[in-house]
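[1] Coordinates for the following, if possible.
(one chain, ligands or ions: 2)
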Amino acid sequence: MTMMQQNIKKPHVRILPDDLANQIAAGEVVERPMSVVKELVENSVDACATRILIEIEQGGKFFIRVTDNGVGLSSEDAQLAFLRHATSKIRNASDLERIVSLGFRGEALPSIASVSKIRMITSDDEHRGGTQIVIEGGGTSNVKEISCPRGTTIEVSQLFYNTPARKKFLKGDGTESSHISQVVTQQALAYPHVHFTLINNDRKVIDVLPTDQNLYRIAELFGADLAKELVLVTAETSDYRLNGFISSPVYTRSSRSAQYCYVNQRFIRDKVIFHSTQHGYSHLIPRGKHPAIYLFLTMDPKLYDVNVHPAKAEVRFAFQQEVHRFVSGAVKEALSASKNIALPNLSLTGHKNNMTQPQKKIDFTETMKSSYLKTQSSEDLSSAVEFMYKVPELKAYDSMNENHSRSQIEIFHDKPNPVANLIYSEFEPLGQLDRSFILMQGKLGILVVDQHVAHERVLYDQFSKAAKNRKSEVQQLLFPLSLEFSHGESELLGRYQKRLGELGLELESFGKNDFLLRSVPAILKKNNHAEIMREIVDMLPTENHEEVLNNKFEEILIMMSCRNAIKINTTLNLSQISKLISDLQGTSMPYTCPHGRPIALLYEMDTILKKFLRK
Ligand SMILES: Nc1ncnc2c1ncn2[C@@H]1O[C@H](COP(=O)(O)OP(=O)(O)O)[C@@H](O)[C@H]1O
Ligand SMILES: [Mg+2]
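    Ligands and ions are numbered 1, 2, ... in the order given. Now for the predicted structure:
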């Protein structure tokens, strides 16, 4: 035996005490105040609450309180709920395969209790009274009878007070509270029939009224300006259903921050979904830009597993490719179907009128209110409960006006807007501006169309249709063009010879690195063919992956369209203009070019009248 080995004490396997085990679990489940809010709100949703109030102080680091009007708990169940792996949501292994609730592990409450001071007040029947449980740092609980209305309130204070290492990693109040409003927004989108309120340091940050329309919930949370840009998505197969809204291609963001995807009403960040929606937009939006997405996927819980991520923020689909194909197809179809459909006019006045009145009225009667307030002993809780009762609908509308000034759509559009859904033939061509932009007039105002990008869209559609049907109109070259490439390039050309042939680029290899170009797509007949071939070779993918390949070939189509589109500074007469515009209307997406740039701007008649003080 060496000296070292002699000094080491022989280890023993031990089972950790419950409070320590809970703290370890909390390490995964409770990352920051936002995680506490997420777990508590999920519990309220699982308890069928129609009213959920979230109050936070100092970014939730000092204080979080979630109050709901859900089914509540009996005294016995309330005490059990703080034990590890205690849950009312599943019973056996087969339940794990068909989870319909948001929670199922029975870990949240004991984890939160192990790293904070927690107080629960709950009742499943206000006539029989309720229970208060207070626990500090996962220690023993202090239970007493209390009178309270049906529902549950959970207060979490001094998060991580007993785990300083964790506490150190928390960010400033602003950052933590913005995480929290994100998480409340995510839940509020999925449950439009629930009245959600978030109060941060006494300031109402979110207050959304119940509705049965997802679109109104979106408008309330993000403003009607965004909602106006949305396109309806609905699709269904025997296994999957997809509902929701996505932005038209003229509305983009530089991050995915406006993307909300749900599987059976659970918010998830999932690669397959992200990728499939992106694929659905394909070349309608510029690279590096992202659409706004609110999509709700419904499917049998057996077709995916949620038990793969501590925060349940990811799922594993049983048939990834199938989901991918379904979602991207639905997105594509929605975008192309939407092109001539005027979107609902979501002016704020319209928004108010159309807004369905709260579906399920808040389920508190006057009697419950007075009986509770009379017997309520803890002062600070009364404010929350009072709030739960008060919130009359009218007041909520006012506060919507205050808090959501973004959504005031009586906005007077000084700027021209990229168009997303009008019918070009309703406009009459007037001529050109600067030999580059087509001017048209109609009832809606003046339309300015970028002639180059409009033509680019027309050509791109022709190219891709022909390529899809494998019958490009081909121009045989009178004198085949001989081209020499490097070894690597010829290898690539050889590999894609057939596919290029389908585009109308017929190549014949002769000698080691030499090719004869025998034909070109008819549209390319005037181009410098050698130059185009070099450009194409540079674009050919070295990976043989089907998807990369499709993307690359699409890029080649875009490049060929761009090269041949009418340039700016080109005179067009009225009949050329009419032809271009009617071709444009017939394309799959007449409002953005294949690079994602807008094709037309509308100077609204309304604006013109207002500016001339005629309105
Ligand atoms: N707001 C609430 N209303 C009613 N019951 C609740 C509420 N919060 C928690 N519970 C009960 O406590 C149990 C444990 O909650 P939790 O630790 O979050 O685990 P899980 O949600 O995974 O079941 C739940 O299964 C539920 O029965
Ligand atoms: Mg839970």
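
[2] For the chain, list the residues in contact with ligand 2, please.
    Within the chain, the positions adjacent to ligand 2 are 43, 103, 108 by CB under 5 Å from the ion. Quick note: C-beta positions are derived from backbone N, CA and C, even for glycine.

[3] Once you drop chain neighbours, what's closest to the last one?
    Counting by CB to CB, 6 or more residues apart in numbering, residue 39 is the residue found nearest to residue 108 once chain neighbours are left out, at 3.8 Å.

[4] Give me the contact status of the helix or strand where that neighbour lies with ligand 1.
    Per DSSP states H and E, residue 39 falls inside helix 33-46. Yes - using CB under 6 Å from any ligand atom, helix 33-46 comes into contact with ligand 1 via 39, 43-44.

[5] Which strands and helices lie in contact with that helix?
    In terms of contacts (3 or more CB pairs under 8 Å, 6 or more residues apart in numbering; DSSP states H and E), helix 33-46 is packed against strand 51-57, strand 63-68, helix 108-114, strand 151-157, helix 173-190.

[6] Outline the domain layout of the chain.
    When the chain is parsed with automatic domain parsing, its domains come out as 18-207, 229-340, 412-615.

[7] The shortest one close to ligand 1?
    No - using CB under 6 Å from any ligand atom, domain 229-340 stays clear of ligand 1, with a minimum separation of 9.2 Å.

[8] For stretch 539-554, what does the pLDDT average out to?
    Mean pLDDT, stretch 539-554: 76.

[9] Contacts for that stretch next, please.
    For stretch 539-554, contacts defined as CB atoms under 8 Å, 6 or more residues apart in numbering pick out 282-283, 464, 467, 492-493, 495-496, 499, 503, 555-556, 559, 594.

[10] Buried members of those residues into ChimeraX, please.
    Buried members of these, defined by 16 or more other CB atoms under 10 Å, are picked up in ChimeraX with:
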select :282,283,464,467,492,493,496,503,556,559,594
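
[11] got CSV for the contacts of stretch 539-554, with secondary structure too?
    CSV is the format used below for these (DSSP: H, G, I helix; E, B strand; the rest coil):
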residue, secondary structure
282, helix
283, helix
464, helix
467, helix
492, helix
493, helix
495, helix
496, helix
499, helix
503, coil
555, helix
556, helix
559, helix
594, coil
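
[12] right, and out of the contacts of stretch 539-554, which lies closest to ligand 2?
    Among these, residue 282 lies closest to ligand 2 (CB to the ion), at 39.1 Å.

[13] Now the closest one: closest residue in space, sequence neighbours ignored.
    residue 554 is the one closest to residue 282 (CB to CB, 6+ apart), at 6.9 Å.

[14] That neighbour sits in which helix or strand?
    helix 546-564.

[15] can you pull the buried residues of that helix?
    549, 552-554, 556-564.

[16] next one: stretch 66-78
    For stretch 66-78, the neighbour count (16+ other CB under 10 Å) marks 66-73, 75, 78 as buried.

[17] That stretch close to ligand 1?
    Yes - for stretch 66-78, a contact with ligand 1 is found by CB under 6 Å from any ligand atom, at 68, 70-73.

[18] Show me which residues of the stretch 1-150 of the chain are close to ligand 1?
    39, 43-44, 47, 68, 70-73, 81, 86-89, 103-109.

[19] Now, of these, which are buried?
    When those are checked for burial by 16+ other CB under 10 Å, the buried set is 39, 43-44, 47, 68, 70-73, 81, 87-88, 103-109.

[20] Surely residue 280 is in contact with residue 325?
    No - the criterion here is CB atoms under 8 Å, and residue 280 misses it with residue 325 at 10.4 Å.

[21] more crowded one of the two?
    Using other CB atoms under 10 Å, the more surrounded residue of residue 280 and residue 325 is residue 280, with 22 against 15.

[22] Could I get the phi/psi values of that one?
    Main-chain dihedrals, residue 280, degrees, to the nearest 10: phi -60, psi -30.

[23] Who are the contact partners of it?
    Listed by CB under 8 Å, 6+ apart, the contact set of residue 280 reads 327-332, 334-335.

[24] Where does the prediction get shaky in the stretch 251-400 of the chain?
    Residues of the stretch 251-400 of the chain meeting the criterion pLDDT under 70: 339-400.

[25] okay, now the residue of it found nearest ligand 1: neighbour count?
    Nearest residue of the stretch 251-400 of the chain to ligand 1: residue 312, at 9.2 Å (CB to the nearest ligand atom). Here the count is done by other CB under 10 Å, and residue 312 has 21 residues near it.

[26] before we move on, what about the one 5 residues further on?
    Around residue 317 there are 19 other residues, counting by other CB under 10 Å.
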